[in-house]
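Student: below are the sequence and a predicted model; questions follow.
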Amino acid sequence: MIATAVLRHRLAQHGRVISVHVSAFPWIELLWQQADSVTARMADFTARADQLDSLLHEGGRAGKLDFSIGVVRTGLLRLRDVSFIQQGSQLQGAARVELADLQAALPVIRSLAPLQSPSGQVVLRGSASLLGVSASVDLVLAAQEGRLVVAPAGLLGAFATITVFDDPRLRVQSVSAATVPGGVRFVVRGRRV
């Protein structure tokens, strides 16, 4: 099918494609870039975050999107076991961050673990060491006004909030995390606007 070949070619520009499947009924929907479902599996993906976001936005035209990638390299950080699943307007993304990858991106980080946290956000406790001085730091990763933000816990958080993800086409609703061997697995839920 032509739509499958076109998507495979676009994905292959960023990494090794394992499989791609695009389905539409009636098939004429594909002429208007509509599909019932899109499924893609990749071993790896290397690109800027906005390039991945663009591909996901285009895939968002499908009624169902199921996209998984073994390793995503975007910027300094490496994400593993990445998945995006969309059903209608609801979207869920998940990824595992290994401590070794986080330390490669931010050498001052020594540990990272999620703590019990209120619904819709994650409190991460980490230890860092810089110039022989070690400190424990709690960071809050949360959905805020449709964005995904991170800030230090406590009063300083009101002044040092950093937006991790913001796309006007998508409203982040919640984030959760769990410790897994060697790192942390994050799950972000949202909806398309």
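Tutor: Perfect, I can see it now. Numbering: from 1, shown residues only.
Student: quick check: closest non-adjacent residue to Ala105.
Tutor: With sequence-adjacent residues excluded and distances taken as C-beta to C-beta, 6 or more residues apart in numbering, Ala105 is closest to Leu76, at 3.9 Å. Bear in mind the C-beta positions are built from the backbone N, C-alpha and C, glycine included.
Student: so how far is Arg41 from the one you found?
Tutor: 25 Å (C-beta to C-beta, to the nearest Å).
Student: between these two, who's got more neighbours?
Tutor: Arg41 (17 against 10; other C-beta atoms under 10 Å).
Student: excluding its backbone neighbours, what's nearest that one?
Tutor: Nearest residue to Arg41 in three dimensions, chain neighbours excluded: Ile18, at 4.1 Å (C-beta to C-beta, 6+ apart).
Student: list phi and psi for that neighbour.
Tutor: Note on Ile18: its backbone torsions stand at phi -90, psi -50 [degrees, to the nearest 10].
Student: so what's it scoring on pLDDT?
Tutor: At Ile18, the model reports a pLDDT of 97.
Student: tally of neighbours for it?
Tutor: 14.
Student: so what's it up against?
Tutor: Neighbour list for Ile18: Arg41, Met42, Ala43 [criterion: C-beta atoms under 8 Å, 6 or more residues apart in numbering].
Student: will you turn these into a markdown table that also has distance to Ser134 and pLDDT?
Tutor: Formatted as a markdown table, the contacts of Ile18 follow (distance: C-beta to C-beta, whole Å; pLDDT from 0 to 100):
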| residue | distance to Ser134 | pLDDT |
| --- | --- | --- |
| Arg41 | 41 | 96 |
| Met42 | 38 | 95 |
| Ala43 | 37 | 97 |
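Student: restricted to strands, list these.
Tutor: Among the contacts of Ile18, the ones falling in strands (DSSP state E) are Arg41, Met42, Ala43.
Student: can I get the residues you listed in CSV with distance to Val137?
Tutor: Output for the ones in strands among the contacts of Ile18, formatted as CSV (distance: C-beta to C-beta, whole Å):
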residue, distance to Val137
Arg41, 36
Met42, 34
Ala43, 34
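Student: that's a helix at Arg10, yeah?
Tutor: Yes. Residue state for Arg10 (DSSP: H, G, I helix; E, B strand; the rest coil) corresponds to a helix.
Student: any idea of the pLDDT on the residue of the chain most remote from its centre?
Tutor: Each residue of the chain has a distance to the centre, and by C-alpha atoms, centre = their mean the biggest one is for Gly132: 33.1 Å. pLDDT for Gly132: 81.
Student: do the same with Ala153
Tutor: On the pLDDT scale, Ala153 gets 79.
Student: from the ones in strands among the contacts of Ile18, which is closest to Leu139?
Tutor: Met42 (29.4 Å; C-beta to C-beta).
Student: grab the nearest non-local neighbour of the closest one.
Tutor: Ile69 (4.5 Å).
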